[in-house]
Every structure is written in C-alpha cells, then in structure tokens.
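Here's a sequence, model it:
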Amino acid sequence: MVGVSASTGAAMAVFGYLFFYPAFTFHIFVAGALAAAMTMPALLILWEERVRGRIDEMLPRFLEDVAESQEAGMTLLKALEASSKRDYGPITRELRLLTAQLTWGVEFEAAFSSFSKRIDTEMTVKVTVLLLEAMRLGGDLKATFNSTASFVREVIQLRNERESQLRPFMMVIYVSSFVFMVIIIILYQSFFLSMASGGTRGGSFMRLPMSLEGYKAVLFDLVAVEAFFGGITAGKLSGGRALTGLKHSVTLLAVVTVVFGLFFLDPILPSITDVEFAPYAPSHVNPVKVVAKIADPFPGSGVQTAYLVWTSDSWGTNKTVEMDYSRISELWEAQIPPHPEGTEILFLIRALDNSGNPAINDNENMFFGYGVAG
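Okay, the predicted model is just below:
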C-alpha cells in the first residue's frame, strides 16, 4: 500500500515536471503528489493507532479476568487458558498463542516477552515487565493483576485527558494555516496582481522584478510548507509522535492545493472585443488609431499586455507594436503609421494575460483592414 501510494505521488510529480515545469501548475502537481504519497502511510498509521488504542483499552479487562479466575482457585496457566477463550479484540489471537506456548512448556518469562514483542505497544511492554517481576519475587499474583489493571486504567485516563487538553492547541494550528492561506490569497489578489496587470485592474504603478507565475509559485510553496510542517506539529502535540501528524499534513495539503488551484490556476483566455479604428479611409499622411476592449476578469489573472500586428503586403511581412491602456476610456490603443496611397492594410490584435494565456482577434480569420486613399 505504501509502495502504491509512493508510486502514485512520484508519477504525478514526473507528469507535472514533463508537461508544466516551470509554470505554477507544476507546483500544484508537486503538492498533490506529496499529499498522494503520504495518504497510505497516514491511513496505516491512523489504523495502527486505533489498534493500539483498542489493545490498551482491553488490557485492564484481560488482567481483571485473570485475577478473577485465580480467585476462583485456578492456577495462572488455567486462568490464562480460560481468558484466551474470551474476546479481547486485537489481543485475543496473541493471547491464544501465549497460552499455547505455555502449554507446550515454554518458560513464563520467554512466553510473556514474546507476547509483548508481538503486540508491541508501550503499555503492553510496561505491563509485561511488571508481571514478570511479580512472578520472580512471588507473592499474591491476584493482587498484582488487579493493581496492574488499575494502573493501566489510570494511565489511559491521563492520556485521554492530555489529548482533550491539547486538542485546542491542535485546532490553533489548523486555524493558523487557513488564516495564512487566506492572507496569501488576499495579498496576491490585491497587491501582486494589481502591480502585474496592464490596466484591467487599475493599472500598475511599478514593474514586478519577477513574473507573476514566479510569485504565485513562491506564495503557494510558502503555504504548502506551512501546511506540511503544521500537520507534523499537530501530530506531535496530539499523539506524541511526529508521524502521527501525517494525516493532518495530508488534510492541510489537500485543502491548500484545491483552494490555490481554484484561485491561482488561470484557464481563462483574455477577451478582445469592440475593435475600432479611425479614420476609416485615411490619406497617405494620416496615421490610423486602433482601439479595442480587452478584459480578463476573475478568475482570470488580468491582462498583462496587448499587441497590434499589421501588414501592408498580405502578410508577406508584418510589424508589431505594443498597445497602451487608457485609464480614461478603459480601452487599449495603438497607431498604425501613414502609408502610401493605394496600400491595403490588414491587422489583428493579440493579448497576453498574467498567467501567459494568449488570445487573438483576427476578425474570424478575415482580419481587420482598410485602404489608404489618394
């Protein structure tokens, strides 16, 4: 199961690297791959914890039943044989094997040591040590079994109290992870996206030294790392073992990956509409002003830039000029310089959003155009 989980995670990471690296989508795949690789180990550890918990809960009942059988006049071996016929959950199978070993003549110390190693819980090891020392020293074994059962119950009660007291601290880790995630999303939407957008989100007052894809990757990686180690910390607090936190790490990573995928992945292409130019019949001395409405609203990442591409020789050659955004008219505009009379001009508009998605408006493959009048 662990191998399948790890293989699935590795396959997701390789797929993301081959098809999306170095885009932001690659980071989404890596986080998803990490969550997938940890899923089976987390489930196995969770299952193991529950089995260990059931074993510890059954130990007091088992010890008390053995003590009651001894009070009825049975020897320790007979008391163990009688108890092995009852149901103690995960202990039952190992108890029957212990009884069989004792029946075959195996020494008490060796049989009980093997019993504790097979079950391998901290509480079972402690109980086994106490019982073996009591057998060596002699005395009333019935009282030893009863007192040991009381000791186990008290330890379990203290452990449950500790977990209930630490649960609020574990919730603090979850809340802090979600708050950090929300802050990062707000920071991206309100700050980085505004600086990177060419105009649809209010214009940019400065140039980003890194591409928006790079910033998205860095911000997402910060949240993913915080989610992973936050889950490990939650497991250490609640269960006393770092590996116990894998289930929390998987949960947090899954939530982070889905939320950031919804907010940061941009499958929307920019829209280019309302293309107009003037004058419609320019002379050889008139430049032509071309305007268009270009938008990439949420969940798009905003328009980064737009280009006017024209040709005067039926696309034998072409020229490209970057369009400017007017905050007054909320349109993108550029000029085609004057051309000799009789020239036929064809043009189209290309746009690029902040996630690198391209869009083009070529008038449904007919192109926009005009002729230069004499």
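
Residue 63 and residue 143 touch, don't they?
No. If you go by CB atoms under 8 Å, residue 63 and residue 143 don't touch, sitting 11.4 Å apart. For glycine as for every other residue, the C-beta is placed from the backbone atoms N, C-alpha and C.

ok, now which ones touch residue 294?
Residues in contact with residue 294 (CB atoms under 8 Å, 6 or more residues apart in numbering) are 200, 270, 271, 272, 273, 303, 306, 332, 349, 351.

returning to what we had before: please say which of residue 63 and residue 143 ends up with more neighbours.
Higher neighbour count among residue 63 and residue 143: residue 63, with 24 against 12, using other CB atoms under 10 Å.

That one sits in which helix or strand?
helix 24-71 (DSSP states H and E).

Show me what that helix is packed up against.
helix 2-20, helix 76-84, helix 91-103, helix 122-137, helix 141-187, helix 212-239, helix 246-264 (3 or more CB pairs under 8 Å, 6 or more residues apart in numbering; DSSP states H and E).

In TSV, list these along with mean pLDDT and distance to residue 29.
Shown next, in TSV, are the helices and strands packed on helix 24-71 (pLDDT from 0 to 100; distance: least, CB to CB, whole Å):
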stretch	mean pLDDT	distance to residue 29
helix 2-20	87	3
helix 76-84	83	52
helix 91-103	85	43
helix 122-137	81	39
helix 141-187	85	19
helix 212-239	85	11
helix 246-264	87	9
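
Count the residues that sit near residue 188.
The burial count for residue 188: 21, using other CB under 10 Å.

contacting residues around it?
Contact partners of residue 188, counting by CB under 8 Å, 6+ apart, are 215, 216, 219, 263, 264.

repeat that with 6 Å
By CB atoms under 6 Å, 6 or more residues apart in numbering, the contact set of residue 188 is residue 219.

quick one: contacts for the residue nearest the centre of the chain?
Centrality entry for the chain: nearest residue to the mean C-alpha point is residue 253, 2.0 Å, by CA atoms, centre = their mean. For residue 253, the contact set (CB under 6 Å, 6+ apart) comprises 31, 35, 227.

Quick one: which of these is the most crowded by neighbours?
Counting by other CB under 10 Å, top hit in those: residue 227 with 29 neighbours.

ok, that one to residue 248 distance?
9 Å (CB to CB, to the nearest Å).

Over to residue 255?
11 Å.

Same drill for those two, tell me which one is more crowded.
When neighbours are counted by other CB under 10 Å, residue 255 and residue 248 differ, and residue 248 comes out ahead with 26 against 16.

wait, doesn't the more buried one sit right on residue 232?
No. Counting by CB atoms under 6 Å, residue 248 stays clear of residue 232, with 7.6 Å between them.

can you pull out the strands in the stretch 251-374 of the chain?
Taking DSSP state E, counting those that start in this stretch, the strands of the stretch 251-374 of the chain run over residues 271-278, 288-295, 303-311, 319-322, 324-326, 331-336, 344-353, 358-361, 368-371.

partners of the fourth one, with directions?
Read it as strand 319-322. Note on strand 319-322: by DSSP bridges, its sheet partners are strand 303-311 (antiparallel).

Also compute the angle for the strand it pairs with relative to strand 271-278, please.
Put simply, strand 303-311 runs at 50 degrees to strand 271-278, going by axes from the mean of the first three to the mean of the last three CA atoms, to 10 degrees.

Dump strand 303-311 to PDB, restricted to CA.
Extracted C-alpha coordinates of strand 303-311, given in PDB (Å, rounded to 0.1, in the frame of the first residue of the first chain):
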ATOM      1  CA  VAL A 303      -4.400  41.500 -18.900                       C
ATOM      2  CA  GLN A 304      -0.600  41.800 -19.000                       C
ATOM      3  CA  THR A 305      -0.100  43.400 -22.400                       C
ATOM      4  CA  ALA A 306      -1.600  43.600 -25.900                       C
ATOM      5  CA  TYR A 307      -0.100  44.000 -29.300                       C
ATOM      6  CA  LEU A 308      -1.300  45.400 -32.600                       C
ATOM      7  CA  VAL A 309       0.100  43.400 -35.600                       C
ATOM      8  CA  TRP A 310      -0.300  44.800 -39.100                       C
ATOM      9  CA  THR A 311       0.900  44.100 -42.700                       C
END
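
next one: phi and psi at the nearest residue to residue 52 once chain neighbours are set aside?
Leaving out its chain neighbours, the residue that sits closest to residue 52 by CB to CB, 6 or more residues apart in numbering is residue 121, at 4.8 Å. Per-residue torsions, residue 121: phi -110, psi 150 (degrees, to the nearest 10).

Okay, the closest residue in space to residue 163 that isn't next to it in sequence and residue 164: tell me how far apart.
The shortest distance from residue 163 to any non-neighbouring residue, by CB to CB, 6+ apart, is to residue 238 (6.1 Å). To residue 164, residue 238 is 10 Å away according to CB to CB.
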